[in-house]
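>>> Got a predicted structure here, sequence first:
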Amino acid sequence: MARDDDDDDEAFFQTRYFVCSQYWRKDSPIFLYTGNEANVESYIENTGLMWENAEHFNALLVFAEHRYYGKSSPINDGDDENNKNKNNKLQHLNSAEALADYAKLVRQLREEYEDVVAVIAFGGSYGGMLASWMRMKYGHVVDGAIAASAPIYAFDGEDPPVDPNAFAKGSTYTALLSGHGAECPKKIQNAFKLLIESGDENDKIYLDVLKHTFKACDDIESPHEVAEWAQSALDYIAMGNYPVESGYMLSGKGTLPAWPMKVVCDEMMTDHPNNNSNSTSLALLENLRDAVSIYYNATKTEQCFTIGDPSPNDDTKATEDLWGYQYCTEMFMPMETTGGENDMYWPSPWNETNEFRYCRDSYDVQPRPYFAQETYGGRKMVENFASNIIFSNGLLDPWHLLGVLETSNPRVVLVKMDEGAHHNDLMFSSKDDPTSVKRARILEVKEIQNWVEEARRKKKKKKKTDMSSSSSSTASTPPRE
């Protein structure tokens, strides 16, 4: 964490933050990125909204790395071999302590950079959740927050209750709007139905067919293993359905094409005239393999796939291992697929008992399903107490149904992007950006300007009041004898 010089070295560990002071001037704001579950360089390289507006606001840009991620970790290589020791150290991996880190960092920056007028938090996805929670929990530290694609209503305890099927519905909606209408998600659903119903884990011949069809490096354990592997890719492709080529979903290790879900749908709808297979069914599975290959072989270097491992590279795998712990302790989001009319997958209902067992076996912890709602307030906090927060959501982002899409609170601003993917508005601008994304950025900059001016007025008023009080106190002091 960001530490003072008098902190006990054994009780603290270092976390990273990056500062760009190129445009900084006195009486100007700090733009703070509340880092989420990845190496902080990923946000430095992709958060164009901050970079493109820094000069206009004379802002100090700060990108804080979340504790335990990237290089901000107390865990060493030896701990990986000793899971008990590693899990004990993970107990300080949580959102509340991360927010406290960021608040402490802001205090230190205010001491170093004179005359900061306001602090504006930026974040996307989990980082967007952190940005909104920081404004709500640390309103004396942060003057406003851009919370992009922040699914803060994804937890138990909300009223109305969270819909576990919301994310799968969102991925399906993205496929529905990707060039072939309802035919694309239907083809995908048919592929999963065929994959799961054509055999089971005891059918060795079928498992060998799947190994060959999906170019697996190792033996396949079950059809569900393949289905979950393919589903993970489709979900990430839906999130990363940007109008330009992007490596963001891959931590920079490879690139997804522009509008990647359209590429998926094109592949699913393709009849291959040179296909060596005599089976239409097998061709459908091969189409599914080729569709998810744009994610798992984004580097164009993979000769085979590690089925069962949803990580396209080592960087994303490290992130998913740590996020698994956070999921099992505080970010316990109910998720399910139902198939049929609701989504393009297969029936896999939410089973809290199984998830509790997974968390106990994997991390020796018990989930706290109501932690986020009880700690940060959920819908009641947003409706009754929140202020100076923009919640933006792209309707092509599977998370949007779990975000803040409506409010009666006039102090909270909602921005919807009809053609926007996962926190698309935070990315660097492009001539290919849809109109709704361009409009979102304009609205966000306008609100930031309002927040900064509001903070500046308060600061001037306080200074004037302090001067008046000082003069009054001096005038009323009797002369010394």
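In hand now; what should we look at?

>>> pLDDT score assigned to the residue nearest to Trp229 when sequence neighbours are not counted?
In space, and not counting its chain neighbours, Trp229 is closest to Ile307: 5.2 Å by Cβ to Cβ, 6 or more residues apart in numbering. Yep, even glycine has a C-beta here, placed from its N, CA and C like the rest. Looking at Ile307, its pLDDT reads 94.

>>> Pull out the CA atoms of stretch 200-213 and give them to me as PDB.
This file holds the C-alpha atoms of stretch 200-213, laid out as PDB (Å, rounded to 0.1, in the frame of the first residue of the first chain):
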ATOM      1  CA  ASP A 200     -20.700 -37.600 -21.800                       C
ATOM      2  CA  GLU A 201     -17.600 -38.000 -19.700                       C
ATOM      3  CA  ASN A 202     -17.800 -41.800 -20.000                       C
ATOM      4  CA  ASP A 203     -17.900 -41.800 -23.800                       C
ATOM      5  CA  LYS A 204     -14.200 -42.100 -24.600                       C
ATOM      6  CA  ILE A 205     -14.700 -42.100 -28.400                       C
ATOM      7  CA  TYR A 206     -16.700 -38.900 -28.200                       C
ATOM      8  CA  LEU A 207     -14.100 -37.300 -26.000                       C
ATOM      9  CA  ASP A 208     -11.500 -38.200 -28.600                       C
ATOM     10  CA  VAL A 209     -13.600 -36.600 -31.300                       C
ATOM     11  CA  LEU A 210     -13.900 -33.400 -29.200                       C
ATOM     12  CA  LYS A 211     -10.100 -33.400 -28.600                       C
ATOM     13  CA  HIS A 212      -9.500 -33.500 -32.400                       C
ATOM     14  CA  THR A 213     -12.300 -31.100 -33.300                       C
END
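
>>> which parts of it are buried?
By neighbour count with 16 or more other Cβ atoms under 10 Å, stretch 200-213 contains the buried residues Tyr206, Leu207, Val209, Leu210, Lys211, Thr213.

>>> For the last one, give its distance to Pro260.
Distance of Thr213 to Pro260, given as Cβ to Cβ, to the nearest Å: 22 Å.

>>> just the fourth one next, same as before
Distance of Leu210 to Pro260, given as Cβ to Cβ: 24 Å.

>>> Okay, now the unreliable bits of the stretch 201-350 of the chain?
Residues of the stretch 201-350 of the chain that meet the criterion pLDDT under 70 lie in 272-279.

>>> Please enumerate the helices of it.
204-213, 223-239, 260-268, 280-296, 314-329 (DSSP state H, counting those that start in this stretch).

>>> For these, give me CSV that also has distance to Gln14.
Converted to CSV, the helices of the stretch 201-350 of the chain look like this (distance: least, Cβ to Cβ, whole Å):
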stretch, distance to Gln14
helix 204-213, 45
helix 223-239, 31
helix 260-268, 37
helix 280-296, 34
helix 314-329, 17
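
>>> Compare those and give me the one nearest Ala103.
Of all these, the one in closest proximity to Ala103, counting by Cβ to Cβ, is helix 314-329 (19.3 Å).

>>> Just the angle for that closest one relative to helix 223-239, thanks.
Angle of helix 314-329 versus helix 223-239, following axes from the mean of the first three to the mean of the last three Cα atoms, to 10 degrees, is 100 degrees.

>>> got the buried residues for the next helix or strand after helix 314-329?
Sequence order places helix 352-363 as the next helix or strand after helix 314-329, per DSSP states H and E. For helix 352-363, a neighbour-count test (16+ other Cβ under 10 Å) marks Glu355, Phe356, Cys359, Tyr363 as buried.

>>> Leaving out chain neighbours, which residue sits closest to the spatially most central residue of the chain?
Computing the C-alpha centroid of the chain and ranking residues by Cα atoms, centre = their mean puts Ser125 first, at 2.7 Å. Of all residues not flanking Ser125 in the chain, Ser149 sits nearest, at 5.3 Å (Cβ to Cβ, 6+ apart).

>>> Then Leu177?
Leu396 (6.8 Å).

>>> Pull up the gap between that neighbour and Ala258, please.
Using Cβ to Cβ, Leu396 is found at 13 Å from Ala258.

>>> what do you get for Val404?
On the measure of Cβ to Cβ, Val404 and Ala258 end up 28 Å apart.

>>> higher neighbour count, those two?
Val404 (25 against 15; other Cβ atoms under 10 Å).

>>> hey, which strand is longest across the protein?
Using DSSP state E, we find that the single longest strand of the chain is strand 116-124.

>>> For that strand, enumerate its sheet partners and note whether each is parallel or antiparallel.
strand 28-34 (parallel), strand 144-148 (parallel) (DSSP bridges).

>>> what residues does the helix or strand just after the first one touch?
Remark: after strand 28-34, the chain's next helix or strand is helix 41-46, criterion DSSP H and E. Among residues not part of helix 41-46, those counted as contacts by Cβ atoms under 8 Å, 6 or more residues apart in numbering are 18, 33, 35-36, 63, 70, 124, 127, 248, 251-252, 426-428.

>>> how many other residues sit next to Pro410?
Counted with other Cβ under 10 Å, Pro410 comes out at 7.

>>> Compare the strands paired with strand 116-124 and give me the one nearest Gln14.
strand 28-34 (17.9 Å).

>>> Would you mind pulling the contact partners of the closest one?
Against strand 28-34 from outside (Cβ under 8 Å, 6+ apart): 40, 43-44, 47, 50, 53-54, 57-64, 66, 98-99, 102, 105-106, 109, 113, 116-123, 127, 130-131, 134, 142-143, 448, 452, 455.

>>> Show me those residues that map onto strands.
Members of the contacts of strand 28-34 lying in strands (criterion: DSSP E): 60-64, 116-123.

>>> can you pull the contacts of Asn384?
Asn409.

>>> repeat for Tyr295
Contacts of Tyr295 by Cβ under 8 Å, 6+ apart are Ala233, Tyr236, Ile237, Met249, Leu250, Leu256, Pro260, Pro312.

>>> CSV for these, including distance to Gly170 and neighbour count?
Compiled in CSV, those are given as follows (distance: Cβ to Cβ, whole Å; neighbours: other Cβ atoms under 10 Å):
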residue, distance to Gly170, neighbour count
Ala233, 15, 21
Tyr236, 12, 23
Ile237, 12, 26
Met249, 15, 24
Leu250, 20, 22
Leu256, 18, 23
Pro260, 15, 28
Pro312, 21, 25
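
>>> what's the most distant pair in those residues?
Top of the distance list for the contacts of Tyr295 (Cβ to Cβ): Pro260 and Pro312, 12.8 Å.

>>> What residues does the residue nearest to Trp229 make contact with?
Neighbour list for Ile307: Lys211, Phe214, Ala216, Cys217, Asp218, Ile220, Glu225, Val226, Trp229 [criterion: Cβ under 8 Å, 6+ apart].

>>> neighbour-wise, which of those leads?
For the contacts of Ile307, the largest number of neighbours (other Cβ under 10 Å) sits with Val226, at 26 neighbours.

>>> shouldn't that one be in contact with Leu210?
Yes - counting by Cβ atoms under 8 Å, Leu210 is a contact partner of Val226 at 5.6 Å.

>>> Now the common contact residues for the two.
Leu195, Ala216, Ile220.

>>> Let me see the contact set for Asn342.
Asn342 touches Asn165, Ala168, Lys169, Thr172, counting by Cβ under 8 Å, 6+ apart.

>>> Those residues in helices, which ones?
Per DSSP state H, helices hold the following members of the contacts of Asn342: Ala168, Lys169, Thr172.
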